[in-house]
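Colleague: Here's my sequence, what's the structure:
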Amino acid sequence: MLLSTKCPVYPSQVAICLSYPRYRENRIFLSRYNHYSPHSKSENCECRKPGTALIIRACRDLNLDISMSYFVGDKTSDIEAGKRAGARTILVETGFGGDDKHFDVKPDYIAEDLLDAARYIKRSKENG
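Modeller: Residues are numbered from 1 along each chain as shown. Got it, this is the predicted structure:
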């Protein structure tokens, strides 16, 4: 699922990852299950990170168990949002790599990049 505080998430933004053959089977899934916050930062709504309203709504819409889910991001607000929602959290060192320091929070795992995060999730699922 794709959650974003960017409003809206245009198909062209998602198209980059869909151009890779291994993602083509997810085209319908990605386009159908985008969730985004239409609010600006100044509105301080609960659907913007670290609020959890958007996460809760997306999990409800997709019938996902948040406690069995991973929230991956490059900012401490991503990790704080994931923790508040009850997800396992992964901080990726690409992008901000947690250097924004808006929240004093520790992720469950620190990944070099998204590939490392995906491998960690796969290992975790395999090991129960």
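Colleague: Residue 71 should be in a strand, yeah?
Modeller: Yes. Residue state for residue 71 (DSSP: H, G, I helix; E, B strand; the rest coil) corresponds to a strand.
Colleague: What separation is there between it and residue 77?
Modeller: Counting by C-beta to C-beta, to the nearest Å, the gap from residue 71 to residue 77 is 11 Å. All C-beta spots, glycine's among them, are computed from the backbone N, C-alpha and C.
Colleague: same check, this time on residue 94
Modeller: 16 Å.
Colleague: and the nearest residue to residue 54 once chain neighbours are set aside, how many residues sit next to it?
Modeller: Of all residues not flanking residue 54 in the chain, residue 47 sits nearest, at 3.9 Å (C-beta to C-beta, 6 or more residues apart in numbering). Residues lying near residue 47 (other C-beta atoms under 10 Å) number 20.
Colleague: my guess is residue 47 meets residue 56, correct?
Modeller: No. Contact status for residue 47 versus residue 56: not in contact, 9.0 Å apart, counting by C-beta atoms under 8 Å.
Colleague: ok so, going back, give me the more crowded residue out of residue 71 and residue 77.
Modeller: A direct count of neighbours by other C-beta under 10 Å for residue 71 and residue 77 places residue 71 higher, at 25 against 19.
Colleague: re the thing from before, got the confidence number for the residue nearest to residue 54?
Modeller: If you check residue 47, the pLDDT there is 75.
Colleague: does it count as helix, strand or coil?
Modeller: coil.
Colleague: for residue 50, same thing?
Modeller: Secondary structure, three-state DSSP: residue 50 is coil.
Colleague: Doesn't residue 90 belong to a strand?
Modeller: Yes. According to three-state DSSP, residue 90 belongs to a strand.
Colleague: Look up the residues forming beta bridges with it.
Modeller: With DSSP bridges applied, residue 90 shows beta-bridge pairing to residue 72, residue 109.
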